[in-house]
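Q: have a look at this prediction, sequence included:
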Amino acid sequence: MTSPAPRGRRNVRKQSGRRRFPMRYLLPSLLLVALLAMLMLRGYVHSEILADHRVRPPAATDRVPERILDGGPVIDARSTTGPARSLSIPGHHIVLTFDDGPDPVWTPKVLDELKKHHAHGVFFVTGTMASRYPELVRRMVDEGHEVGLHTFDHPDLSYQSHSRIDWELSQNQLALAGAAGIRTSLFRPPYSSFADAMDNKSWPVTRYVGSRGYLTVVNNTDSEDWKRPGVPAIIGRATPKGGRGAVILMHDSGGNRSQTVAALGEFLPRMRQRGYEFTNLTTALGAPSAHTPVTGFALWKGKAFVYAVGLSENATGVLVAGLAVIGVLVLVRFGLMLLLSFLHARKVRRRDFSWGPEPTRPVSVLVPAYNERECIANTVRSLVASDHPVEIIVIDDGSTDGTAGIVEAMRLPQVRVIRQRNAGKPAALNNGIAHSRHDIVVMMDGDTVFEPATVRELVQPFADPRVGAVAGNAKVGNRDSLIGAWQHIEYVMGFNLDRRMYDILRCMPTIPGAVGAFRREALDRIGGMSEDTLAEDTDVTMALHRDGWQVVYAENARAWTEAPETVQQLWSQRYRWSYGTMQAIWKHRRAVVERGPSGRFGRVGLPFVALFMVVAPLLAPLIDVFLLYGLVFGPTRKTVLAWLGVLAVQGICAAYAFRLDRERMTHLISLPLQQILYRQLMYVVLLQSWITALTGGRLRWQKLRRTGVVEAPGVTPGRRRSNDRRPVA
């Protein structure tokens, strides 16, 4: 992990030549493209893309030569000068053919039976299955069987154009080249039957395929094993009559083939006893082998294709596992949030609940400010209106916009301004702590406003001497835009509901920089605000836990903050937050193996933070990725229902969170859109943070542009420029 650069530091580089695309954007983009490419390839080899499941009904046969209709099961239409020939299998020869494989379950069992009885056959494989299970194709070839083409994804070729037929054949050959390093001259059309079933629609396909150099192989004996009629029926239908030779149709894929395997175990020895020989097709015809070795570029192209298919299959498996993980995490988190938030609300809202005698001593409020001229006056006015005695210290961190002068011009007696050279927020807070006069220190941001009761609500838990810090309830003030509304949902549901849960678990990971209070003794014991991370609020909170202090949540200590109003500003803020959180986790990692309060936080708090703030957001977009995949490739209905189920769970949690915070439910209208779009933005931000952390990159503070439109309810508004928007808080 790297340490942050001071907020005011500016890296000014002279641009020479072309501007390079930042690596932090390039890597997420490449990862996204690779993920989409793998999903598309998976859809392709699972016949979910470009698949055509139409089957043409029988047509007239008047254009098919009689010698073909009355001939054998092998059709040789390769000659460009002579007529097509029909070939038959010699007597007492059987060519066993198996369609639609290879199948990872049934093909090995079929091969085992053939090997056991020293028999050979022809496997007509589809490209989709051959590319997914190349090791089975290699086994077929190594054990002496012949392999034929059955197209890539099994369409009825009578519906297809010549270019589509060429594509089906070439892709099927590509899969064979990658799987076994061969190409074949045997072809069987999908949905084919006997030679006398050739009609005016299928015959042109046979002639065209023949012109491309292929023997078309149909059958003259159909076991009808696909109907699963029982082993005796399969054997009976597969047995040739009168000692004639036969091409027998069976299947090693497409469903449960246990009856086929069992039938082979009886059929092979029985037919051998009758004098039959089980051979390859070319052996039975006395022709050269159908296999031709593939070399050179064609071989490497096939291997690359098969490797890419395997990678996409494995990656999809990982994604499915990730989806299962995120599903469990989401349900566990929401379940814990609902249960523990209910317990927290019931505890703190009991009439007899009290932290102890209400503190009445003044507290110091620290306001670190860097170029906050638009907001600082509203911030200070809200503090002056506090119903608890306060000392207000504004630490001007080297502002260049006159922030300190604005505060000084207000001439408020309980407000002090401390000027310092730009050194960053942690240094400003430490400077403020050094100048504070009281033992309770409240910290807030320069773009935030407090309600009159906020400070009083913040300091009440300090009546318990075990409490070292208190987290307040940060609210989005500028929620009138879509981005603001999304952040409002996130603050109420994702942050404040989380804090109720963490309060009960006694492992609060973060005191928000916008509204938090600390016991000065606790800060002194841990060395004050650390500059080691970009998330100093998370860092100091974890340090307090490890030092044995309790950190609690005060739901009524409300502060109104101005959230980022553009995607770029939101990106900058969340990038810093997520990267800083990773830094804090890494910094306090030793807590996992320590004893006492530190060990308890390390074994409870750190895993929760890592799972729910780092891992879960990184995997959450898988829900939307599989939604898109399911919508495109199916099953659409189940996919939509599953996604709506997840959304319903989130909606229930969000509604409960809004009820606890007494917020209007109307903002939840944008929740579905937030889940689709906002989640992707947070994913990319988190991924970029991971890349920055793993590559040792440095991230400086980002100053967000403020408008000063946020005011707290009950605070007298200050003067406003005429072109400012109305406050929504």
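A: Alright, I've got the coordinates. Numbering: from 1, shown residues only.

Q: look through the protein and tell me its longest helix.
A: Across the chain, the longest stretch assigned as helix under DSSP state H is helix 296-348.

Q: now do the contacts for the closest residue to R56 other than its chain neighbours.
A: Ranked by CB to CB, 6 or more residues apart in numbering and with sequence neighbours excluded, the top spatial neighbour of R56 is S158, at 4.9 Å. C-beta: built from backbone N, CA, C; applies to glycine. If you count contacts by CB atoms under 8 Å, 6 or more residues apart in numbering, S158 has them with R56, K201, S202, P204, V205.

Q: ok, I526 next?
A: I526 touches V540, A543, L544, D547, counting by CB under 8 Å, 6+ apart.

Q: ok, now N431?
A: Going by CB under 8 Å, 6+ apart, N431 touches I395, I418, Q420.

Q: repeat that with 10 Å
A: By CB atoms under 10 Å, 6 or more residues apart in numbering, the residues touching N431 are L366, P368, I393, I395, D397, I418, R419, Q420, A423, G528, M529.

Q: need the pLDDT of it.
A: Note for N431: predicted pLDDT of 96.

Q: next up, phi/psi of it, please.
A: phi -60, psi -40 (degrees, to the nearest 10).

Q: which stretches of the stretch 551-700 of the chain have low pLDDT?
A: 634, 694-700 (pLDDT under 70).

Q: give me the mean pLDDT for the longest helix of the chain.
A: For helix 296-348, mean pLDDT is 88.

Q: next: stretch 384-398.
A: Averaging the model's pLDDT scores along stretch 384-398 yields 95.

Q: for it, list every residue counted as buried.
A: Using 16 or more other CB atoms under 10 Å as the burial criterion, the residues of stretch 384-398 that qualify are 384-386, 388, 390-398.

Q: wait, which of these is closest to A308?
A: If you rank these by distance to A308 using CB to CB, D397 comes first, at 53.0 Å.

Q: quick check, nearest of the contacts of N431 to R466?
A: Sorting the contacts of N431 by distance to R466 puts G528 at the head of the list, at 20.5 Å, by CB to CB.

Q: which residues of the stretch 1-150 of the chain fall in strands?
A: For the stretch 1-150 of the chain, the strands identified by DSSP state E, counting those that start in this stretch occupy 74-76, 85-87, 93-101, 121-125, 146-149, in order along the chain.

Q: switch these over to a markdown table; also include mean pLDDT and distance to F342.
A: Listed next are those as a markdown table, based on pLDDT from 0 to 100; distance: least, CB to CB, whole Å:
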| stretch | mean pLDDT | distance to F342 |
| --- | --- | --- |
| strand 74-76 | 97 | 74 |
| strand 85-87 | 96 | 79 |
| strand 93-101 | 97 | 55 |
| strand 121-125 | 98 | 58 |
| strand 146-149 | 98 | 63 |
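
Q: just name the most buried of those strands.
A: Highest mean neighbour count of these: strand 121-125, a mean of 28 (counted as mean count of other CB atoms under 10 Å).

Q: within the sheet, what are the partner strands of that strand, with directions?
A: Strand 121-125 has the following sheet partners, assigned by DSSP bridges: strand 93-101 (parallel), strand 146-149 (parallel).

Q: still on that earlier bit, which of the contacts of N431 sit farthest apart?
A: Pairwise distances across those (CB to CB) peak at 19.6 Å, for the pair R419 and G528.

Q: these two: which is more packed in?
A: Residue environment comparison for R419 versus G528 gives the larger neighbour count to G528, 20 against 14, counting by other CB atoms under 10 Å.

Q: separation between that one and A423?
A: Shown here: G528 relative to A423, a distance of 13 Å by CB to CB, to the nearest Å.

Q: just M443 next, same as before
A: Using CB to CB, M443 is found at 16 Å from A423.

Q: who has more neighbours, these two?
A: When M443 is set against A423 and neighbours are counted by other CB under 10 Å, the residue ahead is M443, at 29 against 19.

Q: give the contact list for the more buried one.
A: Remark: with contacts taken as CB under 10 Å, 6+ apart, M443 is in contact with 364-368, 425, 429, 432-433, 458, 469, 472, 511-518, 523, 529, 536-537, 540.

Q: which residues of the stretch 351-500 of the chain fall in strands?
A: For the stretch 351-500 of the chain, strands defined by DSSP E, counting those that start in this stretch occupy the ranges 363-369, 390-397, 415-420, 440-443, 448-450, 467-476.

Q: in the first one, what counts as buried?
A: Applying a neighbour-count criterion of 16+ other CB under 10 Å, the buried positions in strand 363-369 are V363, S364, V365, L366, V367, P368, A369.

Q: what mean pLDDT does it have?
A: With pLDDT averaged residue by residue, strand 363-369 scores 96.

Q: angle of it against strand 415-420?
A: Between the direction of strand 363-369 and that of strand 415-420, the angle (axes from the mean of the first three to the mean of the last three CA atoms, to 10 degrees) works out to 50 degrees.

Q: which helices and strands does strand 363-369 pack with?
A: If you count contacts as 3 or more CB pairs under 10 Å, 6 or more residues apart in numbering; DSSP states H and E, strand 363-369 packs onto helix 376-384, strand 390-397, helix 403-410, strand 415-420, helix 425-435, strand 440-443, helix 454-459, strand 516-519.

Q: 6 Å instead, please
A: Contacts of strand 363-369 with other secondary structure elements, assessed using 3 or more CB pairs under 6 Å, 6 or more residues apart in numbering; DSSP states H and E, are made with strand 390-397, helix 425-435, strand 440-443.

Q: quick one, which of the ones you listed is nearest to Y579?
A: Using CB to CB as the criterion, the shortest distance between Y579 and the helices and strands packed on strand 363-369 is 15.0 Å, found for helix 425-435.

Q: show me how far that closest one is from its chain's centre.
A: Its chain's average C-alpha position is 41 Å from that of helix 425-435, according to CA atoms, centre = their mean, to the nearest Å.

Q: wouldn't N473 be in contact with E555 here?
A: Yes: with contact taken as CB atoms under 6 Å, N473 and E555 are classed as touching, separated by 5.4 Å.

Q: need the CA coordinates for stretch 449-464. PDB is fine.
A: In PDB, the C-alpha atoms belonging to stretch 449-464 read as follows (Å, rounded to 0.1, in the frame of the first residue of the first chain):
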ATOM      1  CA  VAL A 449     -24.000  21.900   7.600                       C
ATOM      2  CA  PHE A 450     -25.300  20.700  11.000                       C
ATOM      3  CA  GLU A 451     -28.800  20.900  12.400                       C
ATOM      4  CA  PRO A 452     -29.100  22.800  15.800                       C
ATOM      5  CA  ALA A 453     -29.300  19.500  17.700                       C
ATOM      6  CA  THR A 454     -26.500  17.700  15.900                       C
ATOM      7  CA  VAL A 455     -23.700  18.500  18.300                       C
ATOM      8  CA  ARG A 456     -25.800  17.700  21.300                       C
ATOM      9  CA  GLU A 457     -26.800  14.300  19.800                       C
ATOM     10  CA  LEU A 458     -23.200  13.600  18.900                       C
ATOM     11  CA  VAL A 459     -21.800  14.100  22.400                       C
ATOM     12  CA  GLN A 460     -24.500  12.200  24.400                       C
ATOM     13  CA  PRO A 461     -22.800   8.700  24.000                       C
ATOM     14  CA  PHE A 462     -19.600  10.100  25.600                       C
ATOM     15  CA  ALA A 463     -21.500   9.700  28.900                       C
ATOM     16  CA  ASP A 464     -20.300   6.100  28.700                       C
END
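
Q: quick revisit: and of the buried residues of stretch 384-398, the nearest to N478?
A: With CB to CB as the yardstick, the closest approach to N478 among the buried residues of stretch 384-398 comes from A385, at 20.4 Å.

Q: ok, now how distant is the closest one from N314?
A: Counting by CB to CB - A385 and N314 are separated by 61 Å.

Q: for K116, same thing?
A: Computed as CB to CB, the K116 to N314 distance reads 32 Å.

Q: can you lay out the strands of the stretch 1-150 of the chain as TSV showing distance to G255?
A: Converted to TSV, these look like this (distance: least, CB to CB, whole Å):
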stretch	distance to G255
strand 74-76	27
strand 85-87	31
strand 93-101	9
strand 121-125	16
strand 146-149	21
